[in-house]
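Q: next one to model:
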Amino acid sequence: MYRFKTFGNGGRFVAREIPDRDSISIGIWLNVGARYEPKAISGVSHFIEHLLFKGTKKRTNDDIKEAIEGRGGAMNGFTSEEFTCYLVKVLRRDMDTALDILSDMVLNAKLDPVDIKKEKTVIQEEIKLYMDLPNHHVQDMLMELLWPDQPLGRNLAGTVKTVSDMKRADISGYKNKYYNPANIVVSAAGNLDADRFFSSCEKYLDAARPGMKSSYKNASEAQKRPNFKTLSKETEQAHLAIGIRAFGRGDPDKYALTMLNIILGGNMSSRLFKEIREKRGLAYEINTHTKKLNDTGAFLVSAGLDNKNVIKSTELVMKELKKIKDKTVGKDEFERAREFYKGQLLLGLEDTLDQMLWMGEHLSAEGKIPTPQEVVVEIEKITPDDVRRVAGRVFTDRHLNMAVIGTAGKSQEKNISEVLHIG
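A: Numbers count the residues shown, from 1 in each chain. Sure, this is the predicted structure:
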C-alpha cells in the first residue's frame with residue numbers, strides 16, 4: 001500500500017498510489033513544533049510557518065500563491081506541538097510544480113525583515129482574536145493546567161510579547177537548526193506514479209544539507225490533586241474544559257482510549273451527550289476527544305452551557321467518568337461504539353488529503369505507518385474489560401484539571417472544588 005524511500009541526507013519519503021482520483025496531495029512535514037521552543041521565543045515555529053508563505057530567494061508571495069491557485073490547487077500549513085506541515089492539493093498534472101514550490105519554501109525562505117515586521121502584527125492580532133473567543137481561550141487555560149511551566153502548556157502562537165520581541169536572528173537560527181533533512185518527511189497520496197514522485201523529490205530535496213535530528217524534554221507530570229482555574233468574563237454562556245492526562249501515542253492502550261472517548265462523548269449516541277444535552281438540556285455542545293503526543297496525552301471534555309449550570313454539569317461529568325470505571329460497558333453499547341470507530345476511520349481516509357496527513361503524521365512520529373486494515377484488526381481485539389481497565393488507569397484525581405470562562409468566575413470556585421473529583 002505504501003512506498004518508502006530514504007535519501008542519503010536523511011530525508012524520508014512515502015507515497016501511496018490511488019489511481020482513481022484526479023488529485024494529488026503532498027505535504028512536507030518537519031519534526032518540530034511548539035514544544036521545542038525556548039520560552040523567550042515561544043511561538044517561533046508558528047511564526048516561521050507564516051513567513052514561509054511570504055517568499056523565497058527566487059519567488060515572491062504572489063508567485064507562490066499563483067503557481068498553485070492559478071492551476072486550480074490549494075495550499076496551506078499548520079503548526080502543532082510536535083510538527084509543522086506545509087501542504088498542497090493539486091491536479092495530477094501539477095505534482096512536479098507543487099514539489100518545486102513546497103521545497104523552495106522550506107529550504108529557501110527569504111525571511112525578509114519587512115515581512116517579519118508586518119507578520120508580527122498579523123500574528124499578534126491572531127493571538128488577540130483567539131483570546132477573545134472563550135471556547136478557544138479556555139483550551140489554552142486548560143493546557144497550562146495540564147502541563148504547567150513547560151512548552152506543552154503554552155499557546156502555540158506564543159504571546160503578544162514574545163512575538164513582539166522576536167528578532168530575525170532568533171527566527172533564522174531556529175529554522176536553520178531544525179529545518180534539515182533529518183527532520184523532514186514528505187508524504188504524497190493520489191493519482192501519482194511513486195517512482196516519478198521519488199525522482200522529483202530527489203531533484204528538489206536531495207541536495208539539502210544534512211543536520212541534527214530534533215529533540216525535546218519529556219513532559220513533566222507532578223500533579224497530586226485536581227486543579228482548576230476560572231476566568232470571570234461577560235459571556236452569554238460559560239465555557240468549560242476538563243482535561244485528564246493520559247499517555248503517549250505509542251502506548252498499547254491507545255485504541256482502547258479512543259473507544260472510551262467514543263462511548264463517553266465522541267458522537268450523538270454517547271453517554272455525556274445523552275445525559276447532559278438530551279436528557280437534561282443543560283448544554284448545546286458537549287463532547288470529548290483525545291490528545292495524543294509522543295510521550296504524553298490527555299482525555300478532554302468540552303462544553304458550552306448556561307453559567308448557572310456549570311456546577312451541575314461538572315458533577316454529572318464526574319459521575320459518568322466514575323461510572324465507566326466502576327461498571328463494564330454493555331455488549332450492545334460497546335459494539336455500536338466499535339463500529340463507529342471503524343467506520344469513521346475508513347470514511348476519514350477517502351480523500352487524498354486525509355491519506356497524506358495519515359501517512360505524514362505516522363511516519364514523522366513513529367517511523368512507520370499502519371494500514372487502516374491493521375488498525376481495524378487492533379480495534380477488533382479490544383474488549384469491554386479493556387475499556388474499563390483504561391478508564392481506571394486514566395480517570396484519577398491526580399490527572400484531573402478543569403478550566404472555566406464565564407460570568408460567575410471566582411464565586412464558583414468553592415463549589416467547583418467540591419464536585420471536581422473522580423475518586
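Q: hey, let's count contacts and neighbours off CA atoms from now on
A: Will do.
Q: which parts of the least confident helix or strand in the chain by mean pLDDT are buried?
A: Lowest on mean pLDDT, DSSP states H and E among the helices and strands of the chain sits helix 413-419, with a mean of 91. Using 16 or more other CA atoms under 10 Å as the burial criterion, the residues of helix 413-419 that qualify are Ile416, Val419.
Q: so which elements touch it?
A: Identification of packing neighbours for helix 413-419 by 3 or more CA pairs under 8 Å, 6 or more residues apart in numbering; DSSP states H and E yields helix 310-326.
Q: report all helices and strands that the helix it packs on contacts.
A: Helices and strands touching helix 310-326, by 3+ CA pairs under 8 Å, 6+ apart, are helix 271-272, helix 384-394, helix 413-419.
Q: quick one on the thing from earlier: and the contacts of the least confident helix or strand of the chain?
A: Phe228, Thr230, Ile311, Thr314, Glu315, Met318 (CA atoms under 8 Å, 6 or more residues apart in numbering).
Q: identify the farthest-apart pair in the residues you listed.
A: The span of those, defined through CA to CA, is set by Thr230 and Met318 at 17.9 Å.
Q: more crowded one of these two?
A: Comparing Thr230 with Met318 by other CA atoms under 10 Å, the one with more neighbours is Thr230, at 21 against 17.
Q: what about that one, which SS state?
A: Classification of Thr230 using DSSP: H, G, I helix; E, B strand; the rest coil returns strand.
Q: the residue lying closest to it once chain neighbours are set aside: how many residues sit nearby?
A: Take Thr230 and drop its neighbours on the chain: the residue closest to it by CA to CA, 6 or more residues apart in numbering is Val404, 4.8 Å away. For Val404, the count of nearby residues is 32 (other CA under 10 Å).
Q: likewise Lys224?
A: If you count neighbours by other CA under 10 Å, Lys224 ends up with 11.
Q: how close does it get to Thr97?
A: Distance of Lys224 to Thr97, given as CA to CA, to the nearest Å: 54 Å.
Q: cool, Gln237 as well?
A: Distance from Gln237 to Thr97, by CA to CA: 48 Å.
Q: what about these two, which has more around it?
A: Neighbours per residue, other CA under 10 Å: of Gln237 and Thr97, the larger number sits with Gln237, 21 against 14.
Q: which ones are touching that one?
A: Neighbours of Gln237 in contact, by CA under 8 Å, 6+ apart: Gly304, Leu305, Asp306, Asn307, Gly406.
Q: check whether His137 really touches Met131, as I assumed.
A: Yes - using CA atoms under 8 Å, His137 and Met131 qualify as a contacting pair, with a distance of 5.0 Å.
Q: these two: who's more crowded?
A: Set His137 next to Met131 and count neighbours by other CA under 10 Å: His137 wins out with 21 against 14.
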